[in-house]
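> any chance you could fold what I've pasted below:
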Amino acid sequence: MATLPVNVFAGYRRGRGAPLRAVEVAEDPLAASTRELNLNHLAMARACHPDPDTDLERHLSTLTARTGIPRHRVSTYCDIGFMLTRFYAVASRLAHGAFSLEHLTMLTRALEGVDDAHLPAVQKSLFWALVPRRNGEALPGVRALHNKVQKIIAECDPLGRPPGRGRTGVHPTC
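Numbers count the residues shown, from 1 in each chain. Okay, the predicted model is just below:
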């Protein structure tokens, strides 16, 4: 696994001065329930993440039987858990409970093609993209965040994006 440069968090104001999303600063019961739900999704993802030598099919079957959650959702939790361990700086930003299951799923799907060689650059850029610019800033929609993530991946690891309309999947300098 690639290691991050020491300065990934340089300039990030931890503690009371750090800006927070609207859902993180709101004190009403709905915002508190939303944060708790989002944190529970992260806890489920970490709990569902299999060991590297585990038979994935058996693992999914076991978790489906134990939790009563449909297989496709358990698979999603496993994928999110893998993303959280691979992109640990991003996981530290997600740990505040602002991002929904849909946001986590989109991030996981978008980041699965990133090469380990480009991991530090993508992780650093993505960490800063997830930090709000001002306190109380609204959470971007799933599609808006997807576009931002795709732009970051295109800048840091062009081959990390799936081929699509107008893209051949081949780096232009190859």
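> hey, let's count contacts and neighbours off CA atoms from now on
Will do.
> in the protein, which helix or strand is least confident?
Here the helix or strand of the chain ranked lowest by mean pLDDT, DSSP states H and E is helix 22-25, holding a mean of 87.
> residues contacting the most centrally placed residue in the chain?
Using CA atoms, centre = their mean, the residue of the chain that lies closest to the mean C-alpha position is L107, 4.4 Å off. For L107, the contacting residues are H146, V149, by CA atoms under 8 Å, 6 or more residues apart in numbering.
> what's the distance between it and C78?
Taking CA to CA, to the nearest Å as the criterion, L107 is separated from C78 by 13 Å.
> between those two, which contacts overlap?
When contacts are counted by CA under 8 Å, 6+ apart, L107 and C78 have no shared neighbour.
> quick one: low-confidence residue ranges for the chain.
Within the chain, the set of residues satisfying pLDDT under 70 comprises 1-17, 162-174.
> can you give me the helices for it?
Chain-ordered helices for the chain, with DSSP state H as the definition, fall at 22-25, 29-48, 56-67, 71-86, 88-94, 101-111, 119-130, 142-156.
> can you tell me which of these comes nearest to G136?
For these, proximity to G136 was assessed by CA to CA; helix 22-25 is nearest, at 4.0 Å.
> so how far is that closest one off the chain centroid?
Between the mean C-alpha location of helix 22-25 and the chain-wide mean there is a distance of 18 Å, by CA atoms, centre = their mean, to the nearest Å.
> and the contacts of that helix?
Counting contacts by CA under 8 Å, 6+ apart, the residues outside helix 22-25 that touch it are A31, A32, T34, R35, H96, G97, A98, N135, G136, E137, A138, L139.
> can I get that helix in PDB, CA atoms only?
What follows is helix 22-25, C-alpha atoms only, in PDB (Å, rounded to 0.1, in the frame of the first residue of the first chain):
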ATOM      1  CA  ALA A  22     -24.500  21.900   7.800                       C
ATOM      2  CA  VAL A  23     -25.600  18.500   9.000                       C
ATOM      3  CA  GLU A  24     -22.600  18.500  11.400                       C
ATOM      4  CA  VAL A  25     -23.400  21.900  13.000                       C
END
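> list the buried ones in it?
By 16 or more other CA atoms under 10 Å, the buried positions in helix 22-25 come out as A22, V23, E24.
> now stretch 120-135
Residues of stretch 120-135 classed as buried under the neighbour-count rule (16+ other CA under 10 Å) are P120, A121, V122, Q123, K124, S125, L126, F127, W128, L130, V131, P132.
> from H103, how far off is P140?
Counting by CA to CA, the separation of P140 from H103 is 9 Å.
> more neighbours, these two?
Taking other CA atoms under 10 Å, P140 and H103 do not tie; H103 has more neighbours (19 against 15).
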